[in-house]
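Peer 1: Sequence first, then the predicted structure, then my questions.
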Amino acid sequence: MRLDSLHDRFRSKLFKKFFLPILEVYEEMLRERDTIDFEDMILRPTRHLSGAEREGFWLGQYKYVLVDEFQDISESRRDFLVEVLAPDSRLFAVGDDWQSIYRFTGSNSMVMKEFIDSENPLVAGNEMSGRDDYSFKPHVYRIQETFRTCKPISDVASEFIQKNPAQIRKSVRSRPPNDSTPTVNICCVDRYDNENLKKILDLIPESDKSKGVFILGRKNREIEAIDPRDLMAYRDDLRISKETIHKSKGLEDDIVIVVGMDSGMRGFPNHGGEDPLVSVFLPPSDSYLNSEERRVMYVAMTRAREKIFLVNQSVQPSPFIEEVKEICKRLDIKSNDIVLRGDIVGPCPECLSKGLVEGRWRGALVRRVRSNSPPYSIFLGCTNFGKGLCNYTSGEVPCPACLTKGKTTRLNVRPKESFEKHEVFCVGCNYRKDYDSFRSNSTER
């Protein structure tokens, strides 16, 4: 049993102790009711056709076999196909390995890869061609034009997914964007709730033509506090819905907002990795780091027809966001990097180098003012100051209004006309705030 190969023998024994009796009761219930489950629908015909019954009864029944969503094929379904195919059968398989995101159900994306790359497709000694006298290489037709999403999003998504060398190579063509505004937008918010989502909706220009907005989350918990009805009451020119990324597969909308783009143990990708106790029941994955999570991210990005917003609430965003930024820069694709949260400007670089960006010790940069004025001054300081962990400061304080537009114009302090008071101002926009008022909303030091 594969469970015996686990390094953690204690958990393995506990699992067998509690699960195997439940499995026995379940199988006995199926026998008593004279019924089968879904996996039996695949395994039993495979065993039947691999025996003596195959001869004369089944052989040659189907000359043409079509398999859709071939990227989601499992090893058991592959074995079933092997038995179905006769010497003169023809297999036509349609799939996109870039969208193989159901490994947790038993799907094995490498089956499709092997089918394309191997001279003996899928099963050595019992080829999918049904021919035993010689091997053959299948004909591969690549559909390399998408009519769903625009070129900037398609180019970023294609470059992102093909960082994994195990993915089948394609060069995707797509239509130009509808306008000259950035199609890729990176946003950080305080929380995944309606109040923060409204700030993102404010970035979408109002239009006489109703547009659809699809809010996606890697997990249900990331979208549970979001109420599309309330958001549509706020913006009646938008049709808004929400779903997990897995359930969005096959769907699309004008604008897609992907929340949950955080780093860490519960982030996207999940740095905690896969539970070994779960892995023993799943098909092997390719060796590229976070390959399944990368495909999930690709599916999320390619749901958007016009624009996409990648949203994080953690101090340190997902490494996938950093990759998207790098790809946009390298391919000269317009993008926005927008800060929509309160006092936190971003991660502290010194704490980041020490790994202090999660939990109670996370280091974030916030706007601070000097408590002993004059001189009147503002600066960025780390939230770990005073804990004996970090003394990082910076005199470059970005304007909060400009950050919402993807700009990083610096704030300054100057005396008012009476010279009795000072104000904080931005040279890049109309942001003005009384120094004392700014201080009351900031952290003194």
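Peer 2: Noted; the coordinates are in hand. Keep in mind that this is a model prediction, so the values were computed, not measured. Residues are numbered from 1 along each chain as shown.

Peer 1: With adjacent residues omitted, what lies nearest to the residue nearest the centre of the chain?
Peer 2: The centroid of the chain falls nearest to residue 297 when counting by CA atoms, centre = their mean (3.0 Å). Leaving aside its sequence neighbours, residue 297 sits nearest to residue 320 (CB to CB, 6 or more residues apart in numbering; 5.3 Å). (Glycine included, C-beta is placed from N, CA and C.)

Peer 1: Then residue 342?
Peer 2: residue 190 (5.9 Å).

Peer 1: likewise residue 98?
Peer 2: residue 161 (4.9 Å).

Peer 1: show me the contacts for that neighbour.
Peer 2: 98, 167, 294-295, 298 (CB atoms under 8 Å, 6 or more residues apart in numbering).

Peer 1: Return the member of the residues you listed nearest to residue 113.
Peer 2: residue 167 (8.1 Å; CB to CB).

Peer 1: Which helix or which strand is home to that closest one?
Peer 2: Following DSSP states H and E, one finds residue 167 outside all helices and strands.

Peer 1: and it, how many residues sit next to it?
Peer 2: For residue 167, the count of nearby residues is 22 (other CB atoms under 10 Å).

Peer 1: wait, it sits on residue 98?
Peer 2: Yes. Counting by CB atoms under 8 Å, residue 167 touches residue 98, with 5.9 Å between them.

Peer 1: ok, back up a step: look up phi and psi at the residue nearest to residue 98.
Peer 2: Per-residue torsions, residue 161: phi -70, psi -30 (degrees, to the nearest 10).

Peer 1: circling back: who are the neighbours in contact with the residue nearest to the centre of the chain?
Peer 2: Residue 297 touches 160, 268-269, 320, counting by CB under 8 Å, 6+ apart.

Peer 1: Now do the residue nearest to residue 297 against residue 7, distance only.
Peer 2: Per CB to CB, to the nearest Å, residue 320 is found 29 Å from residue 7.

Peer 1: higher neighbour count, those two?
Peer 2: Taking other CB under 10 Å, residue 320 and residue 7 do not tie; residue 320 has more neighbours (25 against 7).

Peer 1: wait, what's in contact with the more buried one?
Peer 2: 160, 261, 268-269, 293-294, 297, 310.

Peer 1: which SS class is residue 433?
Peer 2: Of the three states, residue 433 takes strand under DSSP: H, G, I helix; E, B strand; the rest coil.

Peer 1: Beta-bridge partners for it, please?
Peer 2: residue 424 (DSSP bridges).

Peer 1: In contact with it, which residues?
Peer 2: By CB under 8 Å, 6+ apart, the neighbours of residue 433 are 423-425.

Peer 1: and residue 216, what are its phi and psi?
Peer 2: phi -120, psi 140.

Peer 1: Check the spacing between it and residue 303 real quick.
Peer 2: Distance of residue 216 to residue 303, given as CB to CB: 7 Å.

Peer 1: which one of these two has more residues nearby?
Peer 2: Between residue 216 and residue 303, counted using other CB under 10 Å, the more crowded position is residue 216 (29 against 23).

Peer 1: Tell me if I'm right that that one and residue 302 touch.
Peer 2: No. Residue 216 is beyond contact range of residue 302, at 11.3 Å (criterion: CB under 8 Å).

Peer 1: the longest strand in the chain is where?
Peer 2: strand 304-312 (DSSP state E).

Peer 1: So for residue 216 and residue 303, which residues contact both of them?
Peer 2: Common neighbours of residue 216 and residue 303 (CB under 8 Å, 6+ apart) are 248, 256.

Peer 1: residues contacting residue 408?
Peer 2: With CB under 8 Å, 6+ apart, residue 408 has these contacts: 398-399, 402.

Peer 1: Over to residue 197?
Peer 2: Residue 197 neighbours (CB under 8 Å, 6+ apart): 189, 215, 226, 231, 257.

Peer 1: farthest pair in the residues you listed?
Peer 2: Between any two of the contacts of residue 197, the greatest separation by CB to CB is 13.8 Å, found for 189 and 231.

Peer 1: ok, residue 380 - contacts?
Peer 2: Contacts of residue 380 (CB under 8 Å, 6+ apart): 345, 365-368, 393-397.

Peer 1: Which among those residues count as buried?
Peer 2: Among those, those buried by neighbour count (16 or more other CB atoms under 10 Å) are 345, 365-368, 397.

Peer 1: what's the next secondary structure element after the helix or strand that contains residue 26?
Peer 2: Assigned by DSSP H and E, residue 26 belongs to helix 9-32. As assigned by DSSP H and E, the chain's next helix or strand after helix 9-32 is helix 38-49.

Peer 1: I appreciate the help and will end here.
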